[in-house]
Each structure stands twice: as C-alpha cells, then as structure tokens.
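Q: I'd like to go over a predicted model; first the sequence, then the structure.
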Amino acid sequence: MHFFRRHRVRFLAAVVAFVFGGCANSPSKTANPQIPVTTSTAQLRSGDTLTVALQGVPDPTTSTVQIDEQGLISLPFIGPVVATGTGTAELSQRIRETYITKKFYRTLEVAVSVTERYIYVGGEVQRPGRVVWSPDLTVAKAIQSAGGFTLYAKETAVSLIREKNAYPIDVKLAQRNPAEDPRLMPGDSLQVPRSPF
C-alpha cells in the first residue's frame, strides 16, 4: 500500500512540475505580426486628395477633389469618375477620354497629382481622426501624431486595419524595438481599445 501511495505522490508531483514548468516557459509576445503589403502605395484610395488640372483648352481649370467612400471623384460637366485602384497616370487618361467621349473637348491634357493621403486613428488617443500619411509613417508615429494614448488606452492591443483585415499591434513593443513598428500605408486605420483596468 505504501509503495503505491509513494509512486502516486511522485507521479502527481511530476505532473504538477510539468504543467507549471510549461506555463513558466511559455513565450511572451516578442514580435508583432507580419502585415502583408497587398496594394501598391501608388494606387489611389478613398480619402486621397487630388489636384486635377485640365490644360490645352480655352478654359483651363485646376480642381482639388477628394476620393469619396465609393471610390469616386466628381468633376465639372462629366460628374463622377472612378478613381480608386488606379495610379495618377491611368486616372488622367480616364478623365481625358471621358471629356472627349462626352464631347466637351476635342483635345485636352489632364494632369492628376496626389496632394495629401491619410491614415485614420480612433479610440483611446488624445486627438482621434485623420493623420497625414508619409512613406516613413509607422504605428507608433501615428499614435504620437494623434496626441498619444489616453490614460485608459490598452497600448498592447492596438488594431491595425488594412484592406478589411485587422492585425493586433503591441505599441509598447514597437516603441522599444523599431523593427517591430510596422509602416503604414494610405487608407490604413488604427483602433486603440480601452483597457478594462
């Protein structure tokens, strides 16, 4: 009887040591996820602000327009034109052909340029809203541009939303290690949740 009891105690001690040893050695989060870059930054997106110049016509004009949520811009005489998913050269050609097809002009030159592109920061930051995008903009820099976190922010669980997919970002880790601070693309958004504590 003592033999079985002694072996049962040893077995239970081994199980407890294995379970708690495994918990102690489980890795903590040491890396943010790799976020796929699926669309070129050259492609236009909703929210981009554009300058559209019509030249080589009797009444040259320059318009500043913003691509709406449906991916459209609206121009004098021809109305809505699809702008997202293209580059500026392709959009220039599309606008030119639309004016000519609708017989407003026989010939014209169209120049489209991007003036400002944005990312969006929401949730527990001091100044939620749009932040002007630049090629070196990262998650931590965007949070700083939005005034930094509020006292209630859960800094280790920020959602980066890109093309309808969400990725959890530990911004504290990103601040400690710049290699873990993902670069943002135009149209990205960050959502900072509220900490339950």
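A: Alright, I've got the coordinates.
Q: how long is stretch 157-172 end to end?
A: Length of stretch 157-172, first residue to last, Cα to Cα, to the nearest Å: 9 Å.
Q: kindly report the same for stretch 143-154.
A: 12 Å.
Q: can you show me the helices along the chain?
A: Applying DSSP state H to the chain gives helices spanning 2-25, 88-101, 139-145, 171-176.
Q: mind listing what Thr98 touches?
A: 78, 81 (Cβ atoms under 8 Å, 6 or more residues apart in numbering). In short, each C-beta sits where N, CA and C put it, glycine included.
Q: and it, how close does it get to Ala153?
A: According to Cβ to Cβ, to the nearest Å, Thr98 stands 46 Å off from Ala153.
Q: picking up where we left off before, among the helices of the chain, show the one with the smallest mean pLDDT.
A: Mean pLDDT is lowest for helix 2-25 among the helices of the chain, at a mean of 47.
Q: how does this protein divide into domains?
A: Here the domain parsing of the chain from automatic domain parsing is 49-116, 118-192.
Q: for the longest one, the distance to its chain's centre please.
A: Going back to what we said before, that points to domain 118-192. 8 Å (Cα atoms, centre = their mean, to the nearest Å).
Q: pull up the distance across it, start to finish.
A: 17 Å.
Q: which one of the domains of the chain lies nearest to Ile35?
A: domain 118-192 (5.2 Å; Cβ to Cβ).
Q: for the residue nearest to Pro60 when sequence neighbours are not counted, give me its contacts.
A: Spatial nearest neighbour of Pro60, excluding adjacent residues (Cβ to Cβ, 6 or more residues apart in numbering): Leu54 at 5.8 Å. By Cβ under 8 Å, 6+ apart, the residues touching Leu54 are 60-62, 99, 105, 108-110.
Q: can you select the buried ones from the residues you listed in ChimeraX?
A: To isolate the buried members of those in ChimeraX, using 16 or more other Cβ atoms under 10 Å:
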select :99,105,108,110
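Q: which residues of this structure score low on pLDDT?
A: Within the chain, the stretches with pLDDT under 70 are 1-29, 38-41.
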